[in-house]
Structure formats: C-alpha cells, structure tokens
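Trainee: Got a predicted structure here, sequence first:
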2 protein chains.
Amino acid sequence: MSFPAGNVPVKVVVDRRVKIAEVVLRCVICGLGILVSVLVGTATQVKEIFSIEKKARFTDMKALVFLVIVNGIVAGYSLIQGLRCVISMLRGSLLFNKALAWAIFSCDQVMAYMILAATAAAAQSAVLAELGQPEMQWIKICGFYGKFCTQVGEGIVAGLVVSLGMITISCMSAFNLFRLYGGDNKRKSGGRW
Amino acid sequence: MSFPAGNVPVKVVVDRRVKIAEVVLRCVICGLGILVSVLVGTATQVKEIFSIEKKARFTDMKALVFLVIVNGIVAGYSLIQGLRCVISMLRGSLLFNKALAWAIFSCDQVMAYMILAATAAAAQSAVLAELGQPEMQWIKICGFYGKFCTQVGEGIVAGLVVSLGMITISCMSAFNLFRLYGGDNKRKSGGRW
C-alpha cells in the first residue's frame, strides 16, 4: 500500500521512526558489545613480586569470561537483527507475521536478561576486586593491578550501556508482537468475573 | 457488558484465565520473595578457631544484603499488584487505561531486571564462596561455614525462581499494554520506507 505525497498516516510515520530507532540501537549495541569483549578480553597486567612474575588476565575470573562470551553473542545477534531490519525497511514491509514476531521477541528477551545477568555478575566481581571483603579474608587486588582493573571497569560500564540498549530493544519487540493481538480495545468491559 | 450463559466469547475466557494466572503468579512471587529474604537474612553460623569465635552473617557480603532488600521490595510490590488484580476481577473490569497499563508495565520491568541483577550478583558471590578464586588469593569459605552456605544457596535458588516469575509477569503486562496499541493489524504493508 502506498500513499500520495503529504498523505501518509501518522501511524505509518511513527512505525517508520520506531524501525529506524531500532536499526540505530541494534548497530550501537553491536559496536558496544564488540568493544566490551575487546576491552575485557585484552585486559592484562604483569607485576613482579620478589622477582616472581604475576600476571592478571580476564580468564582469572569466570564472571569476566562469561561477560566476554555473552557480549560477543549479543554483538553477533544484533548485527543479524540489524540487517533483518534494514532489509524489511528496504522492502517496505512491516512485521505482521506472528510466528516471526514471537521468535524475535523471545530472542530479544533472552539476550536482554542474559546480558544483564552477565553484567551484574561481573560488576559484583569488580566491586570485590576494588574493595575486597575483609570478613571473608578476600583481599582487594585493584591496588596491585590498577591498569587491569581500570580497563575491565571501562568494559563493565560499556556492558551496562549494552544491557540498557537490549532492554529498550526487548520493549520494542514486545510492542511489535503484542499489538498484533490488539483490535478489541474499543470494548470497555469484559464480562463478569 | 455481560453475556448470557453459554455465550461468553473465547477472548473473554482467555482474558479471564490470563488474569487468574497473573494473580496466582503474583501470590507465588510474594511468598517466595519473603522466603528468600528470611532464608538469606537469618543465615548465620558461629565457628571457633583457637578459642576465637568467628561468625558468618549475610551482612558480610553486600550482594546478599542487596538480595534480601530487593526480594523484600518485590514481595511487597507483588502483594499490592495481586490485590489490584483481585479487585479488578471482582469488579469485572479489564485493563483499558493506557496510563495505568504503562505504569504497571514499567514497574514490572524494573522489578524483573532488578531481581535478576540481584540474584546474578548473589550467585556470583556464592560461586566465589563455594569454589574460591585461587588466582586472586580468595579462599573458599564454604568448607568452613557449611551450614551458612547451604541456607544461602537455598535462598539464591528460590531467588532464581522469583526472577523467572517476575520475567513471566513482565511479559504478561507487556501483552496487556501493547495490545491496546493494536487494531490496525489487518493492514498487510505500511507504505514505502
């Protein structure tokens, strides 16, 4: 369906803007996801104590390994979904296939919750590394591995932005899915309970 | 609007079942949220090393304090929302107020992401307590405080169930909100992009 110039319904304009915002957001998430993986994955620092070399790496903490992997997955997924959005925009089609909308919604939800869990776990490890936990005899290691901690910290902050982006995207895909179930919203009450 | 016996539309029956499921789920979340707070909050163990008493409490780990607080908030919130659902069922009204639907959706989303982040952070602390992190010189403490760790572990597992429940609820409120934006789903394409 096409509309003469100056006669495009508001709903179509809104849909178009939402779609453009989705593409931009998915691209930003993809870029930031790669940035997190690179920042945390390449963080390393060597220190010498009494002529013994000690090396800090992201693999020393399982939470950081999880963060790198999950951000890699989210980046790859966002790239694929971004391409899908661009293709559907070029074709001029909107999402009206319930099965596809359900698949996108489910994947977006899983990604959003997974990236948030990974970021929260990594942030918890980072807090322990920065402050220590004297009651558990866990020493703070960031005084010793300062550069390593700074780089990992930057990665975790970027990971938080990726999480917020994925949460926004999952709200958008919920909107795209559940509005397909509308159409009876003129009814003002729904029978006796 | 009421319907004669045997003439209730399928959509109304489905809406009613979704509403009942929501009430049950909110009640389960409320109960489990309280259980998590009690289990983790009351976990304590005293051990003696060379006549010096050492006591493990949930306040020794900030992640556990966060878990207790967030579960308390989620339990209280679920109780209020559960009561709202019961009242709307007794009144026989369905949700058609967009502002209220947006408020419920936003609160449910915040609760779901908050409880998941709290559970992930607590789980990360629990893994460190159970396995230690030799590369960081963080010792495993669960061999020493076995009873304390078991009780906290049970609380974290229950917290995971609360998280899954809140995720399901947030999908339900997304459905309740975004279907209000439907009604044009008979249109098969949306103009040129």
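Mentor: Arrived safely.
Trainee: quick one: secondary structure of residue A:53?
Mentor: strand (DSSP: H, G, I helix; E, B strand; the rest coil).
Trainee: Ignoring the adjacent residues along the chain, who's closest to it?
Mentor: Leaving aside its chain neighbours, residue A:53 sits nearest to residue A:46 (5.9 Å; criterion: C-beta to C-beta, 6 or more residues apart in numbering or on different chains). Quick note: C-beta positions are derived from backbone N, CA and C, even for glycine.
Trainee: and if you look at residue A:39?
Mentor: In space, residue A:39 is closest to residue A:155, 3.7 Å off (C-beta to C-beta, 6+ apart).
Trainee: for residue A:104, same thing?
Mentor: Nearest to residue A:104 is residue A:173, by C-beta to C-beta, 6+ apart, at 5.1 Å.
Trainee: Next, give phi and psi for residue A:114.
Mentor: Main-chain torsions, residue A:114, degrees, to the nearest 10: phi -70, psi -50.
Trainee: Can you give me the buried ones in the helix or strand harbouring residue A:19?
Mentor: Per DSSP states H and E, residue A:19 falls inside helix A:10-41. Of the residues in helix A:10-41, A:12, A:15-16, A:19, A:22-23, A:25-27, A:29-30, A:32-37, A:39-41 count as buried by neighbour count, 16 or more other C-beta atoms under 10 Å in any protein chain shown.
Trainee: So what's the model's average confidence on that helix?
Mentor: Averaged over helix A:10-41, pLDDT sits at 90.
Trainee: what's the answer for stretch A:123-133, then?
Mentor: For stretch A:123-133, the mean pLDDT works out to 91.
Trainee: And chain B, is it touching that?
Mentor: Yes: Stretch A:123-133 reaches chain B (C-beta under 8 Å from any C-beta of the partner chain) through A:123-125, A:127-129, A:133.
Trainee: and the two most separated of these?
Mentor: Comparing all pairs in these by C-beta to C-beta, the longest separation belongs to A:123 and A:133, at 14.6 Å.
Trainee: residue contacts, the closest residue to residue A:132 other than its chain neighbours?
Mentor: Using C-beta to C-beta, 6+ apart and skipping the chain neighbours, the partner closest in space to residue A:132 is residue A:140 (3.4 Å). Applying C-beta atoms under 8 Å, 6 or more residues apart in numbering or on different chains, we find residue A:140 in contact with A:128-132.
Trainee: Filter these down to the ones in helices?
Mentor: Among the contacts of residue A:140, the members falling in helices (DSSP state H) are A:128-131.
Trainee: Can you lay out those as CSV showing neighbour count?
Mentor: Output for the ones in helices among the contacts of residue A:140, formatted as CSV (neighbours: other C-beta atoms under 10 Å in any protein chain shown):
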residue, neighbour count
A:128, 27
A:129, 27
A:130, 14
A:131, 12
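Trainee: tell me which of those residues is nearest to residue B:91?
Mentor: Scanning those for proximity to residue B:91, where the rule is C-beta to C-beta, the winner is residue A:128, at 49.8 Å.
Trainee: That closest one contacts residue B:128, correct?
Mentor: Yes: counting by C-beta atoms under 8 Å, residue A:128 does reach residue B:128; the two are 7.2 Å apart.
Trainee: Need the overlap of contacts for these two.
Mentor: Contacts common to residue A:128 and residue B:128, judged by C-beta under 8 Å, 6+ apart, are A:138, B:138.
Trainee: Any idea how many residues pack against residue A:181?
Mentor: The number of residues packed near residue A:181 is 15, by other C-beta atoms under 10 Å in any protein chain shown.
Trainee: What's the per-residue pLDDT of it here?
Mentor: Residue A:181 is assigned 82 on the pLDDT scale.
Trainee: With residue A:191 instead?
Mentor: Residue A:191 is assigned 38 on the pLDDT scale.
Trainee: Check residue A:54 too.
Mentor: pLDDT at residue A:54 comes out at 83.
Trainee: ok, now which ones touch it?
Mentor: So residue A:54 contacts A:46-48 (C-beta under 8 Å, 6+ apart).
Trainee: Pick out the residue of chain A closest to chain B.
Mentor: Closest approach between chain A and chain B, counting by C-beta to the nearest C-beta: residue A:182, at 1.4 Å.
Trainee: ok, that residue to residue B:172 distance?
Mentor: 15 Å (C-beta to C-beta, to the nearest Å).
Trainee: Which one's more surrounded, those two?
Mentor: Legend: neighbour count by other C-beta under 10 Å for residue A:182 and residue B:172, higher for residue B:172 (18 against 15).
Trainee: Pull the contacting residues for the more buried one.
Mentor: By C-beta under 8 Å, 6+ apart, the contact set of residue B:172 is B:18, B:21-22, B:25, B:108.
Trainee: The host helix or strand of it to helix A:146-178, inter-axis angle?
Mentor: Using DSSP H and E, the element containing residue B:172 is helix B:146-178. In terms of direction (axes from the mean of the first three to the mean of the last three C-alpha atoms, to 10 degrees), helix B:146-178 departs from helix A:146-178 by 40 degrees.
Trainee: Let me know the angle separating helix B:146-178 from helix B:10-41.
Mentor: With the same axes, to 10 degrees applied, the angle from helix B:146-178 to helix B:10-41 works out at 150 degrees.
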